[in-house]
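Participant: Quick one, what's the 3D model for this:
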Amino acid sequence: METTVRLTMAQALLRFLDQQYLSVDGEEIKFVRGVMGIFGHGNVTGIGEALEREPGSLTYIQGKNEQGMVHAATAFAKQRNRRQIYACTSSIGPGALNMVTGAATATVNRIPVLLLPGDNFASRQPDPVLQQLEVPGDYTISATDSFKSVSRFWDRIVRPEQLMTSLLHAMRVLTDPAETGAVTLALPQDVQAEAYDYPVRFFDKRVHYLDRRPASPDAIRRAADLILTKRKPLLVAGGGVHYAGATETLLAFAEAFGVPVAETQAGKSAVPWDHPLALGGVGTTGTLAANRVAAEADLIIGVGTRYSDFTTASKLAFRNPDVAFVNLNVSPFDAFKLEAASVAADAKAGLAALQAELTARGYKAGYAADEIGARKAEWDAEVDRLYAVDREDGLAQTQALGIINGFVRPSDVIVCAAGSLPGDLHRVWRTTEPKTYHMEYGFSCMGYEVSGAFGVALAEPNRNVYALVGDGSYLMLHSELVTAVQEGVKLTVLLLDNHGFQCIHNLQRGHGSDGFGNEFRYRAGDTNRLTGDYLPIDFAGHARSLGVAAFTARTESELAAALTQAAAAPGPALVEIKVLPGTNTDGYESWWNVGVPAASTSGKVLEAHDEMRRHIAAARPY
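Facilitator: Take a look at the predicted model:
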């Protein structure tokens, strides 16, 4: 019986990936679904040949933009609760560098993605090769070094036998819920094609176990001791609630002790919007109900959240001078934040243990009768008002969202990432089922939306998937629409056209500016100003040119009809929705520190700076 098999490094890589499995709660899942790639020199004769001749059961999907395909892979893994991935391969140079933004997006969001960029010849023959980055003072540096700062694990395989050790470390990181993110293996183009006698057993089926990490009894006791001293706690549900499959456990905990629940962008849909304890989004893009309760709460119980500045409203959201924190997170790094009583554990296991301890000790929150219900009712009425906004001059953005929310089914998934839409959706979008709100807001990466919807549709073939995207984000990256056409994957892009980067336009004007450089307008003569007419962009026509069914809506009735037509289209569809600029939501007793100039010729800017200083003085210093 042969103990070795002669394979190229690229062939060995694919054979290994095809045999990786993840076991969660006794269920075994094939971990690597396939490979997304764009071929060029640096991978076409290495991984490209291996995928052509010996792909095993791995699926190959042809990307159209390297960043876009990484976003698609990230969205796939996020929607699959980090239990299954796609790898991504690129050529060297610009092809590789196009993946860096996608790598950062995955890492910031704690999502596993395996990146396989091509690299320079390890032999340095020829040298320099086309697209090679030359650094005269350090000849070991190449373009792929750029991935180091945005990867949780990075390696360069300069000999084929190095692959074995590197892949084991890669799998360790990819399957670790506390350490996961982008894993980058830089693959020199000559080494991909070199052969080596690999041990046959290296390609045996390998099962990685995602064990639920229990909380230590001491950590549970310390957390319970603190909770028992507090009367007005608030649960903040983060993305870790979904990844741990802990939505039911979270709700049981809230109901057991009468604790209201607010959600981060990643945590939204953990609790049905109409549950009596559901307050909606919290922080800078939060609801009035959640933000008022957060401001008065004497305890924040953060579950699976990394406490971004949007969740904490730049550390101004939690204003009670006696507020304390209990953080339950599988990552000790995140559990430690805000000087919390730290519980480093799986969200589901940790919540169950904490609930048992608090039940045994007779805990109940001290909210007055219907205190939470009154706040919730007030906010629900505000959402109804925003959905019913009726303008004679066109569609308000909140009205459009109300029409869409009323049209989609409870199980349908919406995907979003950047612009004014995340704020509106976090506040007003009503979800009733978990995993129906897919928001990339760790990096808020413009261009994620269409690619992400493609990835979600791959992960959820039995659900309708909608990308909600502004015109600015769509223009940045929409090429995976072609991939959806190519693969016959159904998704619908809802493109809200408000003539520019209106989210930042609003932010700019809210801090003393008169508005500069953010709207899609013609340049005004020889000035430095874009103050002419709006650019007449035909987004529906553009989509049709890509092979996508497309429709345009300017009124309530046209939008209702377009949604029906798009749903009936057999393949990808796009609805271009003309909305009025500046008709998004804003405020609701929140704040975001963006930095305002301390010196300016504008009095409005100086007033905004003074206001910023007042908020900073009231915020937590660390």
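
Participant: now the helices for the stretch 151-300 of the chain?
Facilitator: With helices called from DSSP state H, counting those that start in this stretch, the stretch 151-300 of the chain shows them at 162-174, 189-193, 217-227, 239-243, 247-257, 288-296.

Participant: and of the ones you listed, who's closest to Val129?
Facilitator: In terms of Cβ to Cβ, the element of these nearest to Val129 is helix 189-193, at 7.7 Å. C-beta here means a position set from N, CA and C on the backbone, and glycine is covered the same way.

Participant: hey, C-alpha coordinates of the closest one in PDB?
Facilitator: C-alpha atoms of helix 189-193 as PDB (Å, rounded to 0.1, in the frame of the first residue of the first chain):
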ATOM      1  CA  GLN A 189       3.200  30.800  -9.000                       C
ATOM      2  CA  ASP A 190       6.100  28.400  -9.500                       C
ATOM      3  CA  VAL A 191       5.600  26.600  -6.200                       C
ATOM      4  CA  GLN A 192       1.900  26.000  -7.100                       C
ATOM      5  CA  ALA A 193       3.100  23.800 -10.000                       C
END
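
Participant: lowest confidence element among the helices and strands of this structure?
Facilitator: Lowest on mean pLDDT, DSSP states H and E among the helices and strands of the chain sits helix 502-509, with a mean of 84.

Participant: which residues are contacting that helix?
Facilitator: Under the criterion Cβ atoms under 8 Å, 6 or more residues apart in numbering, residues 418-420, 423, 470, 472, 515-516, 518-519, 581-582, 584, 586, 592, 594 lie in contact with helix 502-509.

Participant: Among the residues you listed, which one lies nearest to Phe16?
Facilitator: Using Cβ to Cβ, these come closest to Phe16 at Ala418, 35.8 Å.

Participant: just checking, the closest one touches Met439?
Facilitator: No - contact criterion Cβ atoms under 8 Å: Ala418 and Met439 do not qualify, at 9.8 Å.

Participant: The two - which one has more neighbours?
Facilitator: Taking other Cβ atoms under 10 Å, Ala418 and Met439 do not tie; Met439 has more neighbours (31 against 24).

Participant: residue contacts, the more buried one?
Facilitator: Neighbouring residues of Met439 by Cβ under 8 Å, 6+ apart: Gln265, Ala266, Lys268, Val415, Cys416, Ala417, Pro422, Leu425, His426.

Participant: Now it, what are its backbone angles?
Facilitator: phi -120, psi 120 (degrees, to the nearest 10).

Participant: Use 755 as the first number for this chain going forward.
Facilitator: I'll keep to 755 as the first residue from here, and by that count the last item is Met1193.

Participant: mind giving me the domain ranges of the protein?
Facilitator: Domains of the chain are assigned by automatic domain parsing as 758-963, 971-1129, 1142-1253+1289-1332.

Participant: okay if I get those as a markdown table plus mean pLDDT and distance to Met1366?
Facilitator: Shown next, in a markdown table, are the domains of the chain (pLDDT from 0 to 100; distance: least, Cβ to Cβ, whole Å):
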| stretch | mean pLDDT | distance to Met1366 |
| --- | --- | --- |
| domain 758-963 | 97 | 25 |
| domain 971-1129 | 97 | 10 |
| domain 1142-1253+1289-1332 | 97 | 19 |
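
Participant: looking at those domains, which is closest to Asp1280?
Facilitator: The closest approach between Asp1280 and any of the domains of the chain, judged by Cβ to Cβ, belongs to domain 1142-1253+1289-1332 at 18.7 Å.

Participant: Tell me who's in contact with Ile846.
Facilitator: So, once contact is read as Cβ under 8 Å, 6+ apart, Ile846 ends up touching 794-797, 871-874, 883, 885-886, 896-898, 943.

Participant: check contacts around the residue nearest to it when sequence neighbours are not counted.
Facilitator: In this structure, Ile846 finds its nearest non-sequential neighbour in Gly796, 3.6 Å apart by Cβ to Cβ, 6 or more residues apart in numbering. With contact taken as Cβ under 8 Å, 6+ apart, Gly796 is in contact with Ser844, Ser845, Ile846, Gly847, Gly849, Ala850, Pro871, Gly872, Asp873, Gln885, Gln943.

Participant: Which entries within those meet the buried criterion?
Facilitator: Ser844, Ser845, Ile846, Gly847, Gly849, Ala850, Pro871, Gly872, Asp873, Gln885, Gln943 (16 or more other Cβ atoms under 10 Å).

Participant: Closest one of those residues to Asp1364?
Facilitator: For the buried ones among the contacts of Gly796, the nearest to Asp1364 is Ala850 (46.3 Å; Cβ to Cβ).

Participant: now that closest one, nearest residue through space, not along the chain?
Facilitator: Pro871 (3.5 Å).

Participant: List the residues that contact the one you found.
Facilitator: Applying Cβ under 8 Å, 6+ apart, one finds that Pro871 lies in contact with 796-797, 843-846, 849-850, 853, 897-898, 901, 938, 940-941.

Participant: Shouldn't it be within a strand?
Facilitator: Yes - if the criterion is DSSP: H, G, I helix; E, B strand; the rest coil, then Pro871 is within a strand.

Participant: which stretches of the stretch 1255-1376 of the chain form strands?
Facilitator: Using DSSP state E, counting those that start in this stretch, the strands of the stretch 1255-1376 of the chain run over 1303-1307, 1327-1332.

Participant: Highest mean neighbour count out of those strands?
Facilitator: Burial of the strands of the stretch 1255-1376 of the chain is given as mean neighbour count (mean count of other Cβ atoms under 10 Å); strand 1327-1332 ranks first at a mean of 26.

Participant: so how far is it off the chain centroid?
Facilitator: 23 Å (Cα atoms, centre = their mean, to the nearest Å).

Participant: try stretch 1254-1267
Facilitator: Distance, centroid of stretch 1254-1267 to centroid of chain: 23 Å (Cα atoms, centre = their mean).

Participant: Quick check: buried residues in it?
Facilitator: Gly1254, Phe1255, Gln1256, Cys1257, Ile1258, His1259, Asn1260, Leu1261, Gln1262, His1265, Gly1266, Ser1267.

Participant: coming back round to it: inside helices: which ones of the contacts of Pro871?
Facilitator: Taking DSSP state H, the ones among these that sit in helices are Gly849, Ala850.

Participant: if you look at the contacts of Pro871, which of them are in strands?
Facilitator: Under the assignment DSSP state E, the contacts of Pro871 contribute Thr843, Ser844, Thr938, Ala940, Leu941 to strands.

Participant: who's in contact with stretch 902-909?
Facilitator: 854, 857-858, 861, 869, 901, 916, 920, 923-924, 926-927, 933-940.
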